[in-house]
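Student: pasting the structure only:
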């Protein structure tokens, strides 16, 4: 990779980190904000202070890979049903909101009793689309 490509990559990762920080400030019920690529690799992430991770590092890699694979597998059906706005997984211990923007997936977790409302989702969407 050329030096100019490395500096562009560094600037992009810095923007992703800033977006994670902004999103994490939207609501106190947000536990974690991560941005992953379509291969399941973490590009940036922010866990809120006082939040105990539920996954081990290996489980995180597997979870992100599964999410990215699912997004890729569904790509063909989107031409028929339209783009995905967002996906919410409601688990016993955590609620997961997935939002895709271009070639990245925003992975946001909430406390188990904090289903994100339209206002929160719209704020996340606005931050994710900022340049």
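Tutor: On my side now, so go ahead. Remember, it's a predicted structure, so these values are computed and weren't measured experimentally.
Student: End to end on stretch 74-89, go ahead and measure it.
Tutor: From its first residue to its last, stretch 74-89 covers 16 Å (Cα to Cα, to the nearest Å).
Student: which residues sit against it?
Tutor: 95-100, 115-116, 121 (Cβ atoms under 8 Å, 6 or more residues apart in numbering). All C-beta spots, glycine's among them, are computed from the backbone N, C-alpha and C.
Student: Out of the residues you listed, which is nearest to residue 5?
Tutor: residue 100 (24.4 Å; Cβ to Cβ).
Student: Let's have the contacts of stretch 74-89 in a markdown table, adding pLDDT.
Tutor: As requested, the contacts of stretch 74-89 are exported to a markdown table (pLDDT from 0 to 100):
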| residue | pLDDT |
| --- | --- |
| 95 | 97 |
| 96 | 97 |
| 97 | 97 |
| 98 | 96 |
| 99 | 93 |
| 100 | 92 |
| 115 | 92 |
| 116 | 95 |
| 121 | 96 |
